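**Q** what's the 3D shape of this:
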Amino acid sequence: MTPHLAALDWIKRGFSPIPIPHRSKRPVLEEWQRLEITATDALQYFNSTKQNVGVLLGDKYGSTDVDCDCPEAITAARDLLPETGLIFGRTSKPFSHYFFRTDPPVRTKQFCDPVDGTTLIEMRGLSSNGSIGLQTIVPPSVHKSGEQIRFERSYDRTPANIDADLLARAVGKVAAAALLARHWPKEGSRHSAFLALAGVFSRAAWSQDDAKAFHQAVYHCLWITNADLSAADAEVHSTYKRFTAGDEITGAPTLYGVVDKRIVDTALGWLGIDRSQRGNYHWSDTGNANRLADTYGDELLYCNELKTYYVWTGKVWKRDAFVETEKRAEKATLQAFGDAKNITDGEKRKAHLNFVNKSLSRSALANMIHLAKKKVPQVSVNDFDSDPWTLNVENGTVDLRTGLLGPHDPKHLLAKMIPIRFDPDARCPQFMAFLFRARPGNSWVSQERLSAGRGTDGEAER
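**A** Residues are numbered from 1 along each chain as shown. Predicted coordinates for the structure are as follows:
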């Protein structure tokens, strides 16, 4: 098909074509955003020479391109995006572009991995300022790699009309599934992580079918050719059954233990689940304990040997005399007042507020804290400060093997900290002068410096 015929085909479909140089994706014509090429003047812009064809996005019909940029998003999209009749891609990235018509036209939104910045998926329509300023190259254009852009089989049809908010939520689900799959734990922790994810969904009042669909999408990303979807469904079903019965289930704190907190928080944000899971918590001490664990579980550890909590200060795990833990219990309970706005029945709302008020009593908070100890991560005394090569200081953690300073990380389980700031360029003239006075000689001085340095780690006797 010639560029001219391709342009006419896209005009017939109701799109506005844009001429683009061959094997490029960027228009070169000035004011291309304002072009309204018709069948009558198409030959003026598209001739027999090799050209790519683009189409305007965010037009009056709400033309939207869901662009899957990573393999995980391509896989998850086939499970989680709404049906549409217009899908295309290329050999190395099939099913990577899904076209829709949204009402109203959507503004472009990009979803990126918070760890390495990789773009996972984009919902492309209007520019961020609400104007028409984006386009997508479409079949039969040629990608810069030389690959032909082509329609997927049976998807050379009409794009689906869809509510803008509905599409945005679906794209958010694809982004979250792709992100979690990219950082999901290896074999050994995967089952517990999926149970915890199902716990998050049950407390967020997701339907069991929606939770199963999301789990299946992540399964497909992890096991592309042999995903055991029955296992995915069983994990969700068993968790929802326990939640409905009022039994204990895991949730966000367990996820934080096996998946980077930045990943979990970002994914839940894209799913519209806030930090407290927008909990459908039972009105009981157990429900309150679940709320505390979900809201502050990444800041709390429980040590059975010492029968006490440890609280993350942002720099170090500090043994707590229940003061900081109780503060978090109070804050989590106060957040429950916000749930009242989602209760439409007046009597039920009144009963909920009465329960929350009672939950702020000393005995209720004590019960909440007592039950939460089984829901936050458990540690042993020996788990703390176990890496002899990591030195905790005021401004980060120092790798004693390399001398490099890194950020504080709760996963390091450091309960001790030297109250100084690390400065790689610092000098110690008084100490060096003392060594030379005590026993002149560079070799001896070097040995003493080495011995002093070894005293900072846990393997000084060598």
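
**Q** hey, where'd the helices end up in the stretch 51-200 of the chain?
**A** 71-80, 164-183, 190-203 (DSSP state H, counting those that start in this stretch).

**Q** who's in contact with stretch 353-366?
**A** The list of residues contacting stretch 353-366 from outside it, by CB atoms under 8 Å, 6 or more residues apart in numbering, reads 283, 285, 288, 326, 329-330, 333-334, 336-337, 340, 368. In short, each C-beta sits where N, CA and C put it, glycine included.

**Q** ok, of those, which come out buried?
**A** 285, 288, 326, 329, 333, 336, 368 (16 or more other CB atoms under 10 Å).

**Q** Greatest separation within these: which pair is it?
**A** Using CB to CB, these reach their maximum pairwise distance at Glu326 and Ala336, which is 15.8 Å.

**Q** Distance to Tyr98 and mean pLDDT added to the helices of the stretch 51-200 of the chain, as TSV?
**A** TSV is the format used below for these (distance: least, CB to CB, whole Å; pLDDT from 0 to 100):
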stretch	distance to Tyr98	mean pLDDT
helix 71-80	7	98
helix 164-183	9	97
helix 190-203	24	93
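
**Q** Save these as JSON lines, and put in mean neighbour count and distance to Val142 too.
**A** Shown next, in JSON lines, are the helices of the stretch 51-200 of the chain (neighbours: other CB atoms under 10 Å; distance: least, CB to CB, whole Å):
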{"stretch": "helix 71-80", "mean neighbour count": "23", "distance to Val142": "20"}
{"stretch": "helix 164-183", "mean neighbour count": "23", "distance to Val142": "27"}
{"stretch": "helix 190-203", "mean neighbour count": "22", "distance to Val142": "40"}
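
**Q** Distance to Gly146 added to these, as a markdown table?
**A** What follows is these, written out as a markdown table (distance: least, CB to CB, whole Å):
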| stretch | distance to Gly146 |
| --- | --- |
| helix 71-80 | 20 |
| helix 164-183 | 27 |
| helix 190-203 | 38 |
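
**Q** quick one, which of those is nearest to Gly130?
**A** So among the helices of the stretch 51-200 of the chain, helix 164-183 is nearest, using CB to CB, at 12.8 Å.

**Q** got the angle between that closest one and helix 190-203?
**A** Calculated by axes from the mean of the first three to the mean of the last three CA atoms, to 10 degrees, helix 164-183 forms an angle of 160 degrees with helix 190-203.

**Q** Using CSV, list the CA coordinates for helix 164-183.
**A** C-alpha atoms of helix 164-183 as CSV (Å, rounded to 0.1, in the frame of the first residue of the first chain):
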residue,chain,number,x,y,z
ALA,A,164,-12.2,8.1,29.7
ASP,A,165,-12.1,7.2,33.5
LEU,A,166,-12.7,3.6,32.8
LEU,A,167,-9.8,3.4,30.3
ALA,A,168,-7.5,5.3,32.8
ARG,A,169,-8.2,2.8,35.5
ALA,A,170,-7.6,-0.1,33.2
VAL,A,171,-4.2,1.4,32.0
GLY,A,172,-3.3,1.9,35.7
LYS,A,173,-3.9,-1.8,36.3
VAL,A,174,-1.7,-2.8,33.4
ALA,A,175,1.0,-0.4,34.7
ALA,A,176,0.8,-1.8,38.2
ALA,A,177,0.8,-5.5,37.0
ALA,A,178,3.8,-4.8,34.8
LEU,A,179,5.7,-3.0,37.6
LEU,A,180,5.1,-5.7,40.2
ALA,A,181,6.0,-8.4,37.7
ARG,A,182,9.4,-6.7,37.0
HIS,A,183,10.2,-6.7,40.7
